[in-house]
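**Q** sequence first, then the predicted structure, then my questions.
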Amino acid sequence: MSAILALVVKDLRLLLRDKAGFIFAFVFPLVYAIFFGAIFSNVGGEATSKLRVAVVDEDGSEESRSFVESLTKTSQVEAVTTSREEAVESVRHGRRLAYITLPKGFGARRDGMFWGDPPNVAVGIDPSRQAEAAMLQGILIRCSFERMQDMFQRPEVMAGRVDEWMKRVQAADDISPAWRAALELFFPAFKSFVQNIPRDESGNAASQPGTATGRAQSSPARSSWQPVAIDVEPVAPQASVKISSYAWSFPQGIIWGVIGCAAAFGISLVVERTNGTLVRLRTAPIARWQILAGKAGACFVTTVCMTTALLLLAAFVFNVRPQSVWLLVMAVVSVALGFVGIMMLLSVLGKTEQSAGGIGWAVLLVMAMLGGGMVPRIFMPSWMQMVSHISPVKWAIHAMEGALWRGFSPAEMAVPCAVLIGVGLACFALGVRAFRWSN
């Protein structure tokens, strides 16, 4: 037993001496716990991150402004009013989930609650974030009902609106006789019902179970009437071009392949260093920078070949067609250069193969988590979305999406590509400076 205890103490001492291995074993589990805890901390309560939308009010009526105000006050939505061009661009660049357009005539249709066509709302959604589209539609429908709820809580206002509706029905010439007769019978009874709603001490309508203002357990079915008509369509650079749904998921898959290449080559450098291969190479008539450049070149070629193979598979099997081949080449080269530099830096983080592999994968996984490679950024808290800008994975996915389906221009592609190349050069320089040629 004493021999076993001595071996246990020996291995624990070795772990404590290997700082990188110690950090991987004790620190990064804490990082993962904090990351997922921050994302799911409010599950079942208020949303961790608001749905960021842009609102285009083309109607400019009192009803449309009231609708925008209700949407802005919603705790699940962060809405900003802007022009249609700016709204479309913000969605196309992934800065906002969707844009909501209230067309001309929205207020007039909303004012005619029980006749005519319902007010329509056009929603342009980021096609890679369809999961949030249903949530947004539910919020829009709820905002449509809030106006009705407000009128029910103020019976005198509702009674005045009923008189106005009655006059409009009698003056309208586009209502069928049968429907006109039904409304003329309904509105007086409805007015009497509103005026006799029980009120609380403040004079507002009291909420009673089963009444119009209470939360009844069930509501009568409405087969043809709806408070708002919502038209949802994905925001694509060219409406005539059909984009495969696989184009939205392949960028993440490609980045995971790139991460695997960076981790593998980072470990191989440590293996060659600890085995003395790099020391023996120094005896050859070549410079140190040439040796490291050769390793970086091999990592670059492997990354480009892997990415090209996946893109060809996506094109011929899943019908994923890039918006621009040249911009896609630009994105692939930039991503490869960026992660080659990261590979060089990862190779100096550990003394042994085990610690280098563990710490390298831990760092890359944190980059993936922050950059949207594991959890969509929309589900992250606002502060975490801001922090995600430091992750190369975020910029790599952005560059690949821009060339594949977002329809970026060369100027728009310059930002993510420049960030990736800059990160790669900085990390490569730091890695070369700190690289150890012997164990």
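**A** Looks like it arrived, so ask away.

**Q** and the chain, split by domain according to the record?
**A** 51-206+225-234, 246-434 (automatic domain parsing).

**Q** would you turn those domains into a markdown table with mean pLDDT and distance to residue 2?
**A** To be clear about C-beta, it is placed using only N, CA and C from the backbone, and glycine gets the same treatment. What follows is the domains of the chain, written out as a markdown table (pLDDT from 0 to 100; distance: least, C-beta to C-beta, whole Å):
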| stretch | mean pLDDT | distance to residue 2 |
| --- | --- | --- |
| domain 51-206+225-234 | 76 | 58 |
| domain 246-434 | 86 | 27 |
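
**Q** which of those domains sits most buried?
**A** Mean neighbours per residue, mean count of other C-beta atoms under 10 Å, is largest over those for domain 246-434, with a mean of 19.

**Q** name the next helix or strand following whichever helix or strand residue 170 is part of along the chain.
**A** Element membership of residue 170, judged by DSSP states H and E, is helix 155-171. Scanning forward in sequence from helix 155-171 by DSSP H and E, the next helix or strand is helix 177-195.

**Q** centre of the chain to that following helix, how far?
**A** How far helix 177-195 lies from its chain's middle: 47 Å, per C-alpha atoms, centre = their mean, to the nearest Å.

**Q** show me what it is packed against.
**A** For helix 177-195, the elements it packs on are helix 155-171, judged by 3 or more C-beta pairs under 8 Å, 6 or more residues apart in numbering; DSSP states H and E.

**Q** who are the contact partners of residue 83?
**A** Contacts for residue 83 (C-beta atoms under 8 Å, 6 or more residues apart in numbering) come out as residue 56.

**Q** and if you look at residue 56?
**A** Residue 56 is in contact with 81-84, 87, 99-102, counting by C-beta under 8 Å, 6+ apart.

**Q** cutoff 7 Å now
**A** Counting by C-beta atoms under 7 Å, 6 or more residues apart in numbering, residue 56 touches 82-84, 87, 99-102.

**Q** could you redo those residues as JSON lines and give each row secondary structure?
**A** Below are the contacts of residue 56 laid out as JSON lines (DSSP: H, G, I helix; E, B strand; the rest coil):
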{"residue": "82", "secondary structure": "coil"}
{"residue": "83", "secondary structure": "coil"}
{"residue": "84", "secondary structure": "helix"}
{"residue": "87", "secondary structure": "helix"}
{"residue": "99", "secondary structure": "strand"}
{"residue": "100", "secondary structure": "strand"}
{"residue": "101", "secondary structure": "strand"}
{"residue": "102", "secondary structure": "strand"}
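
**Q** distance to residue 398 added to these, as TSV?
**A** Formatted as TSV, the contacts of residue 56 follow (distance: C-beta to C-beta, whole Å):
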residue	distance to residue 398
82	21
83	24
84	23
87	19
99	19
100	24
101	25
102	30
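
**Q** ok, these vs residue 123, which is closest?
**A** Among those, residue 100 lies closest to residue 123 (C-beta to C-beta), at 5.6 Å.

**Q** could I get the full set of strands for the stretch 151-300 of the chain?
**A** Residue ranges of the strands in the stretch 151-300 of the chain, as given by DSSP state E, counting those that start in this stretch, are 229-234.

**Q** so which of the domains of the chain gets nearest residue 6?
**A** Residue 6 sits nearest to domain 246-434 of all the domains of the chain, at 21.6 Å, using C-beta to C-beta.

**Q** start and end of that closest one, how far apart?
**A** Terminal residues of domain 246-434 are spaced 41 Å apart (C-alpha to C-alpha, to the nearest Å).

**Q** equivalent analysis for stretch 93-105, please.
**A** End-to-end distance of stretch 93-105 (C-alpha to C-alpha): 30 Å.

**Q** contact partners of it?
**A** Residues outside stretch 93-105 that contact it (C-beta under 7 Å, 6+ apart): 51-59, 64, 67, 84, 87-88, 90-91, 120-126, 129, 132, 136, 378, 398.

**Q** then stretch 370-378?
**A** Outside stretch 370-378, the residues that touch it by C-beta under 7 Å, 6+ apart are 39, 49, 97, 129, 132, 252, 255-256, 368-369, 385, 387-388, 391, 393-394, 397.

**Q** one more time with 8 Å, if that's ok
**A** In contact with stretch 370-378 (C-beta under 8 Å, 6+ apart) are residues 35-36, 39, 49, 51, 97, 129, 131-132, 252, 255-256, 259, 365, 367-369, 384-385, 387-388, 390-397.

**Q** wait, a helix at residue 56?
**A** No. Residue 56 is assigned strand when assessed by three-state DSSP, not a helix.

**Q** what bridges to it?
**A** Bridge pairing for residue 56 (DSSP bridges) gives the partners residue 101.

**Q** residue 135 versus that one, what's the distance?
**A** For residue 56, the distance to residue 135 equals 20 Å [C-beta to C-beta, to the nearest Å].

**Q** ok, now residue 253?
**A** Counting by C-beta to C-beta - residue 253 and residue 135 are separated by 25 Å.

**Q** repeat for residue 259
**A** From residue 259 to residue 135 the distance is 30 Å (C-beta to C-beta).

**Q** cool, residue 434 as well?
**A** 47 Å.

**Q** likewise residue 303?
**A** Residue 303 is 37 Å from residue 135, by C-beta to C-beta.
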